[in-house]
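Undergrad: need a 3D model of the sequence below.
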Amino acid sequence: MKKKYLAALMATVMTASTILGTGTALAAEDKADTKVITDSMGNEVEVPTDIKSMVILPMPWISVVYALNGSGDIITGMQQVAKDSYETSMLKKLAPELENTSTTFFSDGEFNYEELAKINPDVVMLFESQSKHIDKLKEVGIPAFTIKYADSYDTLWNDFSIIGNVLGKEDRVQEFIDYQKADVDYFKDRAADLENVDDVKVMHIYTIDELAVADNSGVNNDTIAYCGGVNVGESNSDASSDTTVNMEQVYTWNPDVILLSNFDDVVPDDLYNNTIDGQDWSQVEAVKNHRVYKIPQGIYRWDADCPCTETTLCMKWMAKVINPDVFKDIDIRQEVTDFYKNFFSYDLSDEELDTILATDANANSESIY
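TA: Take a look at the predicted model:
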């Protein structure tokens, strides 16, 4: 695959003197060893057979590529918000090679092509919603492929398969797919056990200040439903990736369980002690019954609306939170321990397990163990 010099594109967006001053261009390079993969939009994309450098725009997919590849050595670019998550996750311990990964190549929704040239990636991964960048990337000789924002488990597994084809890791990827399919089948088989159990009203909060809650656009509805719950935000017709509500709406919903994401630092005690400015949580059922929970964070946030390789682990954890009496057979600590051992060859310490499961943050909530 013949790469063009970056200057050819930069000349259209920057002055010639600036371009020449950088001294940076994507070197022309013939790559005989390539293959053609089909991305989520049906595009046929020619990529190197042996990927050495990948830039990833979709934030949760840093952890996915690490997991599916078996290491992070090919990940050479990520968004800053993904790097922020990395700093507080198990991925930092498992993949220290990502510490110096570039984040300066993309900001405000646009590529900085000079910074991208310094990385000189073999391929760029995009969400379909970011596909506007494909043509420019092609102009400078960088292939780009898309995955979908996973709104179902089938979509998630198809995205996994695309990554497997790009990386040449089809067998490893299938192991993750088989694992998650077995988990989903388990919950389908348990549906009869939930028939005579009252639905549990669940509210998943992304950020407390804006009261951004999970709506009907992701895998939350399926995940919560498998656990015998109802996502109170699913009825929002203006759903995107989250919906902003007010406290009056919260009072109307009056959720039985509240899930707090890792997109901010709020913890259950903030609601129990009613210390959030401008919000009175004291009469909400979930708060009165101490059924507010900080969602775990493994190699990425376990929020069900951020599908990744740990998503069905999150479903098992949610089952314990939403219907602990029905799902007594799930030992979430053992499930997480086995997952890390089997897929990452890593033995979690009790302290690391507590950190992943937010044990301290959830200490004053109704026990799920």
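
Undergrad: now do the buried residues in stretch 49-57.
TA: 51, 53-57 (16 or more other Cβ atoms under 10 Å). C-betas here are computed from N, CA, C, even on glycine.

Undergrad: wait, I meant stretch 76-90
TA: 76-79, 82-83, 85-86, 89-90.

Undergrad: show me what it is in contact with.
TA: 53-57, 59-60, 62-63, 91-92, 98, 101-103, 105-107, 116, 119, 121, 262, 297-301, 340, 352, 355-356 (Cβ atoms under 8 Å, 6 or more residues apart in numbering).

Undergrad: try it again at 6 Å.
TA: With Cβ atoms under 6 Å, 6 or more residues apart in numbering as the test, stretch 76-90 has contacts from 53, 55-56, 59, 62, 92, 101-103, 105-106, 119, 121, 297-299.

Undergrad: the helices in the stretch 251-369 of the chain, which residues?
TA: Secondary structure of the stretch 251-369 of the chain, counting by DSSP state H, counting those that start in this stretch: helices at 268-272, 285-288, 311-322, 332-344, 350-356.

Undergrad: mind putting those helices into a markdown table with distance to Thr243?
TA: As requested, those are arranged in a markdown table below (distance: least, Cβ to Cβ, whole Å):
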| stretch | distance to Thr243 |
| --- | --- |
| helix 268-272 | 19 |
| helix 285-288 | 18 |
| helix 311-322 | 20 |
| helix 332-344 | 29 |
| helix 350-356 | 28 |
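
Undergrad: and those, which is most packed in?
TA: Comparing the helices of the stretch 251-369 of the chain by mean neighbour count (mean count of other Cβ atoms under 10 Å), helix 311-322 ranks first with a mean of 24.

Undergrad: what packs against it?
TA: helix 332-344 (3 or more Cβ pairs under 6 Å, 6 or more residues apart in numbering; DSSP states H and E).

Undergrad: what angle sits between the helix it packs on and helix 311-322?
TA: 180 degrees (axes from the mean of the first three to the mean of the last three Cα atoms, to 10 degrees).

Undergrad: what does helix 332-344 contact?
TA: 94, 316-317, 320, 346, 348, 353.

Undergrad: what's the most distant pair in the residues you listed?
TA: Leu94 and Lys320 (24.5 Å; Cβ to Cβ).

Undergrad: how near is Asp185 to Cys308?
TA: Distance from Asp185 to Cys308, counting by Cβ to Cβ, to the nearest Å: 19 Å.

Undergrad: now swap in Ser217 and tell me
TA: Taking Cβ to Cβ, one finds Ser217 at 17 Å from Cys308.

Undergrad: which one of those two has more residues nearby?
TA: Per other Cβ atoms under 10 Å, whichever of Ser217 and Cys308 has more neighbours is Cys308, with 24 against 18.

Undergrad: circling back to that earlier point, take the buried residues of stretch 49-57 and keep only those in helices.
TA: The members of the buried residues of stretch 49-57 all map outside helices under DSSP state H.

Undergrad: run a quick neighbour tally on Ala182.
TA: Neighbour count for Ala182, taken as other Cβ under 10 Å: 10.

Undergrad: please give me every residue in contact with it.
TA: Applying Cβ under 6 Å, 6+ apart, no residues qualify as near Ala182.

Undergrad: same question for Asn364.
TA: Shown in contact with Asn364 (Cβ under 6 Å, 6+ apart): Asp269.

Undergrad: torsion angles phi and psi at it?
TA: Main-chain torsions, Asn364, degrees, to the nearest 10: phi -100, psi 10.

Undergrad: look up how far Asp256 lies from it.
TA: 17 Å.

Undergrad: look at Gly77 and give its secondary structure.
TA: strand (DSSP: H, G, I helix; E, B strand; the rest coil).

Undergrad: now the helix or strand where Val230 lies: buried residues?
TA: Per DSSP states H and E, Val230 falls inside strand 229-231. For strand 229-231, the buried set under the neighbour-count rule, 16+ other Cβ under 10 Å, comprises 229-231.

Undergrad: residue ranges with poor pLDDT in the chain?
TA: Scanning the chain for pLDDT under 70 picks out 1-32, 236-242.

Undergrad: longest helix of it?
TA: Using DSSP H to define each element, the chain has its longest helix at helix 170-189.

Undergrad: so how far is the helix or strand following it off the chain centroid?
TA: Next in sequence after helix 170-189, counting helices and strands by DSSP H and E, comes strand 200-207. Chain-centre distance of strand 200-207: 17 Å, with Cα atoms, centre = their mean, to the nearest Å.

Undergrad: in stretch 56-73, what counts as buried?
TA: Buried residues in stretch 56-73, counted by 16+ other Cβ under 10 Å: 56-69, 72.

Undergrad: span of that stretch from start to end?
TA: 13 Å (Cα to Cα, to the nearest Å).

Undergrad: what do you get for stretch 352-369?
TA: End-to-end distance of stretch 352-369 (Cα to Cα): 17 Å.

Undergrad: do the same with stretch 234-249
TA: The straight-line separation of the ends of stretch 234-249 (Cα to Cα) is 13 Å.

Undergrad: on that earlier part again, can you give me the angle the longest helix of the chain makes with helix 332-344?
TA: On the basis of the same axes, to 10 degrees, helix 170-189 is oriented at 160 degrees to helix 332-344.

Undergrad: list the buried residues in helix 170-189.
TA: 172-173, 176-177, 180, 183-184, 186-187.

Undergrad: just the C-alphas of that helix, formatted as PDB.
TA: Taking C-alpha atoms only, helix 170-189 is exported to PDB below (Å, rounded to 0.1, in the frame of the first residue of the first chain):
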ATOM      1  CA  GLU A 170      -9.700 -14.600  15.200                       C
ATOM      2  CA  ASP A 171      -9.200 -17.600  17.600                       C
ATOM      3  CA  ARG A 172      -8.600 -15.400  20.700                       C
ATOM      4  CA  VAL A 173     -11.600 -13.200  19.700                       C
ATOM      5  CA  GLN A 174     -13.900 -16.200  19.400                       C
ATOM      6  CA  GLU A 175     -13.000 -17.200  23.000                       C
ATOM      7  CA  PHE A 176     -14.300 -13.800  24.300                       C
ATOM      8  CA  ILE A 177     -17.400 -14.100  22.100                       C
ATOM      9  CA  ASP A 178     -18.100 -17.700  23.300                       C
ATOM     10  CA  TYR A 179     -17.600 -16.500  26.900                       C
ATOM     11  CA  GLN A 180     -20.100 -13.700  26.600                       C
ATOM     12  CA  LYS A 181     -22.600 -15.800  24.600                       C
ATOM     13  CA  ALA A 182     -22.500 -18.400  27.400                       C
ATOM     14  CA  ASP A 183     -23.300 -15.600  29.900                       C
ATOM     15  CA  VAL A 184     -26.200 -14.300  27.900                       C
ATOM     16  CA  ASP A 185     -27.500 -17.900  27.500                       C
ATOM     17  CA  TYR A 186     -27.300 -18.300  31.300                       C
ATOM     18  CA  PHE A 187     -29.600 -15.300  31.800                       C
ATOM     19  CA  LYS A 188     -32.000 -16.400  29.100                       C
ATOM     20  CA  ASP A 189     -32.300 -19.700  30.900                       C
END
